[in-house]
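Trainee: model the following, please.
(one chain, ligands or ions: 1)
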Amino acid sequence: MVVLGAEGDLSHRKLMPALFHLAGDGHLPDGFTLIGVARRDHDDDGFRASVKRSLAESKEAGPKDEGAFDRFARRLFYVKGDLNDPAMYGAVRRRLEERERQEPRPEGRLFYLAVPPSLYASTVESLSRERLAARVRDPDATPWIRVVIEKPFGRSRQTARELNRLVNEHLSEHQVFRIDHYLGKDTSRTSSCSASPTPSSSPSGAASRSTTSRSPPPRPSASSTAPAITRRPAWCGTCSRTTCSSS
Ligand SMILES: NC(=O)c1ccc[n+]([C@@H]2O[C@H](COP(=O)([O-])OP(=O)(O)OC[C@H]3O[C@@H](n4cnc5c(N)ncnc54)[C@H](OP(=O)(O)O)[C@@H]3O)[C@@H](O)[C@H]2O)c1
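Mentor: All right, here's what the predicted structure looks like:
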């Protein structure tokens, strides 16, 4: 995995704690390597120390002990450079290939663009030009190549389309992940709270068709004239309480 913008807020507050969790739970592949890229003047050990400081401050990193951090840190490497400098991509490629040679079967390459949105287009172009992230037509091909682009994906419909066009020039659609975790957050909160037993005032019993009710609502029998509305204790997946306060 290559994190471009590895010394930024997103990387330190969100990505590294999430990866640390995955490592602790044994969900990262054996040969997992993370190469951080930013302009800060570090070597590998300097980057590891910087990540360690962030994890120590992070509420999201969960329980930490030196052993867990040392195991995680051994997977971290650093390339210093400016994303506007073509030579930097060569340095990343050499580092990546060096790590991949040490793995019997590298699974794939994931490039995470945790950089300012103004750099998305040029970074995708450079990754492609330097053959770091080339187009792969077969979604099942291995080693795979994926690129994650953070939000905002464009500032308007037109700029989003332009960015999309450029991304699709260099990569197949299955290779691209456009992330907006905040949109997902609202959606999941709304849907998990819709298990509230609000009776419907409409004769069709619309509320009983909640998409996230824990069991399917009973169907009205053919002979009944009134809509079947079942009351059951409310349970909210977000609050884990029987009375949801966030719906
Ligand atoms: N922070 C969040 O919670 C959050 C949430 C959602 C989306 N995002 C998105 O995630 C992206 C990153 O956000 P952020 O808050 O982490 O930004 P940030 O704190 O400004 O970090 C940007 C990172 O990019 C690096 N960088 C910037 N210009 C560079 C260049 N020319 N060459 C090499 N590295 C360069 C910086 O390196 P140096 O450290 O060397 O300057 C830094 O590591 C943005 O697109 C943002 O919209 C962030």
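
Trainee: isn't Met1 up against Gly36?
Mentor: No - counting by Cβ atoms under 8 Å, Met1 stays clear of Gly36, with 9.4 Å between them. (Each C-beta comes from the backbone N, C-alpha and C, glycine too.)

Trainee: and Arg146, what helix or strand is that in?
Mentor: Using DSSP states H and E, Arg146 sits in strand 144-149.

Trainee: any idea how far that strand is from the chain center?
Mentor: Taking Cα atoms, centre = their mean, to the nearest Å, one finds the center of strand 144-149 at 11 Å from the center of the full chain.

Trainee: can you list the residues of the protein near the ligand?
Mentor: Taking Cβ under 6 Å from any ligand atom as the contact definition, the chain meets the ligand at 5-11, 14, 38-40, 82-84, 114-117, 119, 150-152.

Trainee: buried among these? Need that as a selection in ChimeraX.
Mentor: Selection of buried members from the residues of the chain next to the ligand for ChimeraX, criterion 16 or more other Cβ atoms under 10 Å:
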select :5,6,7,8,10,11,14,38,83,114,115,117,150
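
Trainee: in helices only, show me the residues of the chain next to the ligand.
Mentor: Using DSSP state H, the members of the residues of the chain next to the ligand that fall in helices are Asp9, Leu10.

Trainee: now for this protein, the helix or strand with the poorest mean pLDDT.
Mentor: Ranked by mean pLDDT, DSSP states H and E, the helix or strand of the chain with the weakest confidence is helix 181-193, at a mean of 66.

Trainee: other residues contacting the host helix or strand of Phe47?
Mentor: Assessed by DSSP H and E, Phe47 sits inside helix 44-57. With Cβ atoms under 8 Å, 6 or more residues apart in numbering as the test, helix 44-57 has contacts from 6-7, 12-13, 16-17, 20, 36, 40, 42, 61, 64, 69, 73, 76-78.

Trainee: tell me the buried residues in it?
Mentor: Asp44, Phe47, Arg48, Ser50, Val51, Lys52, Ser54, Leu55.

Trainee: then stretch 95-115?
Mentor: Arg95, Leu96, Arg99, Pro106, Arg109, Leu110, Phe111, Tyr112, Leu113, Ala114, Val115.

Trainee: of all residues in this structure, which one is closest to the ligand?
Mentor: Nearest to the ligand, among the residues of the chain, is Gly8, at 2.1 Å (Cβ to the nearest ligand atom).

Trainee: just the pLDDT for the spatially closest residue to that residue that is not a sequence neighbour.
Mentor: Distances taken as Cβ to Cβ, 6 or more residues apart in numbering place Ala114 nearest to Gly8, at 5.5 Å, with adjacent residues excluded. Here, the pLDDT recorded for Ala114 equals 97.

Trainee: residues touching Ala114, list them.
Mentor: By Cβ under 8 Å, 6+ apart, Ala114 lies in contact with Val3, Leu4, Gly5, Ala6, Gly8, Leu10, Ser11, Leu15, Glu150.

Trainee: what's the spacing between it and Ser172?
Mentor: Here Ala114 is placed at a distance of 22 Å from Ser172 (Cβ to Cβ, to the nearest Å).

Trainee: how about Leu119?
Mentor: 22 Å.

Trainee: and for Gln102?
Mentor: 28 Å.

Trainee: before we move on, back to that, next step: the contacts of helix 44-57 restricted to helices.
Mentor: Among those, DSSP H puts Met16, Pro17, Phe20, Phe69, Ala73 in helices.

Trainee: could you give the average pLDDT over stretch 156-175?
Mentor: For stretch 156-175, the mean pLDDT works out to 96.
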